[in-house]
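Novice: build me a structure from this.
(one chain, ligands or ions: 1)
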Amino acid sequence: MSLAKYHDKVKENDTVILYLGYDNMHAIKIKKGSVFQTRYGALRHNDIIGTTYGSRVHCPKGYLYILYPTPELWTSNLPHRTQILYTTDISVVSFQLDLKPGAVVVESGTGSASLSHSIIRSILPDGHLYTFEFHKERAQKAEEEFKDHGLSDYVTVTHKDVCQFGFDLEDVADAVFLDLPVPWDAIPSAKKALKKQGGRICSFSPCIEQVQKSCACFAELGFEEISTKECLVRNFDVRTINLPNPEFFSRDKTKSQPQKKGSRFDRDDMDAYSEETAENSAQCDIVESSDTKENTTSEVLDTPAWDYIGRKTAANFSFKAGISLGRMPGHTGYLTFATLYPL
Ligand SMILES: C[S@@+](CC[C@H](N)C(=O)[O-])C[C@H]1O[C@@H](n2cnc3c(N)ncnc32)[C@H](O)[C@@H]1O
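Specialist: Residues are numbered from 1 along each chain as shown. This next block holds a predicted model:
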């Protein structure tokens, strides 16, 4: 198989993505006679061979989809040998480094080759990626994966400590990407690797102290337009909110409610009223996520809510709202970009 080209039907040795949900996917390599266990039961590889990519496949207790791998799907499902770059940072890197067909890119370290797959896709069909990794097994594994994914013609993997020995490349690269603990040791050699006509460089670092040192090094070596970015994703979930129509004063005389004394509410009554309603209204807000279950209008209206004095009522006002999730993926690292102009 090749991530550089597309074919229609699943073949033996293809790497496929099993899609059970947006947060439940697996990358597997198809082998005749093998079985993969999913949460919907066993999936026999023989049953997938010959099916069309994108089609639905049934397991004993449910179904899933077979997808052709893309760099984005690979990033979400690859075996982690290191920390990796995720699609949010990758998209900014690709744009800021001006990656396009025919570009030559130098990268270190290769790590789990998450970013490498996206770089290769951007520079196809006649660009080239030179990627450097000083951990021998990681370099070998990345090379195997590139071969497996039909990308070997577009990438050269070198096992090397670039901080100590440099890239040994001169005047070849349109862009350089560094994901190293001490990037400033590799920046002089990265500058040499860039084409004489100039180019862009990016260094990814998790700590601001690393960023400061890299910026100082870029400035000293004549790089310009030095800027650091942090990219964070905010996900929103679509929820159905059920509320009763506001009714601030109950007509039910048996229920506790603030009593008017003259023209003012009695303070103690008011406090008791607020506590009761606060407790009850906390129960009526968000009744379900539309991600997990489709609402019908009647289901929504049948869902009980509590009115403002604590009576259980049928919800009579509902709407959909985007709610930002309580837990969000946070800081991964800072991306520092710089430009080298021709002398
Ligand atoms: C965080 S990982 C890179 C992840 C990669 N960007 C990805 O998206 O999968 C950093 C890698 O740099 C490698 N590395 C660290 N220092 C190095 C050096 N001096 N020369 C080459 N590789 C180095 C490490 O072995 C590690 O695999």
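
Novice: okay, CA-based contacts and neighbour counts for the rest of this
Specialist: OK.

Novice: state the pLDDT value of the closest residue to residue 167 other than its chain neighbours.
Specialist: Distance criterion C-alpha to C-alpha, 6 or more residues apart in numbering; nearest residue to residue 167, sequence neighbours excluded, is residue 189 at 6.1 Å. You'll see residue 189 listed with a pLDDT of 98.

Novice: residue 189 and residue 183, how far apart?
Specialist: As for residue 189, its distance to residue 183 is 10 Å (criterion: C-alpha to C-alpha, to the nearest Å).

Novice: more crowded one of these two?
Specialist: Counted by other C-alpha atoms under 10 Å, residue 189 and residue 183 do not tie: residue 183 has more neighbours, with 24 against 19.

Novice: residue contacts, the more buried one?
Specialist: By C-alpha atoms under 8 Å, 6 or more residues apart in numbering, the contact set of residue 183 is 163, 203, 214.

Novice: can I get these in CSV including secondary structure, neighbour count and distance to residue 19?
Specialist: Listed next are those as CSV, based on DSSP: H, G, I helix; E, B strand; the rest coil; neighbours: other C-alpha atoms under 10 Å; distance: C-alpha to C-alpha, whole Å:
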residue, secondary structure, neighbour count, distance to residue 19
163, helix, 19, 40
203, strand, 26, 33
214, helix, 24, 40
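
Novice: near the ligand, which residues of the stretch 1-150 of the chain are found?
Specialist: Neighbours of the ligand within the stretch 1-150 of the chain, by C-alpha under 6 Å from any ligand atom: 82-85, 108-115, 132-135.

Novice: closest one of the residues you listed to residue 61?
Specialist: residue 114 (32.5 Å; C-alpha to C-alpha).

Novice: which SSE is residue 98 in?
Specialist: Here residue 98 sits in a region with no helix or strand, counting by DSSP states H and E.

Novice: and the pLDDT for it?
Specialist: At residue 98, pLDDT is 98.

Novice: for it, grab phi and psi.
Specialist: The phi and psi values for residue 98, taken as degrees, to the nearest 10, are phi 60, psi 40.

Novice: any idea how many residues pack against it?
Specialist: Neighbourhood size, residue 98 [other C-alpha under 10 Å]: 16.

Novice: how much space is there between it and residue 87?
Specialist: Following C-alpha to C-alpha, the distance that separates residue 98 from residue 87 is 16 Å.

Novice: against which helices or strands is the strand or helix carrying the residue nearest to residue 167 packed?
Specialist: Using DSSP H and E, the element containing residue 189 is helix 187-193. Using 3 or more C-alpha pairs under 8 Å, 6 or more residues apart in numbering; DSSP states H and E as the contact test, no helix or strand touches helix 187-193.

Novice: this completes my enquiry, with thanks.
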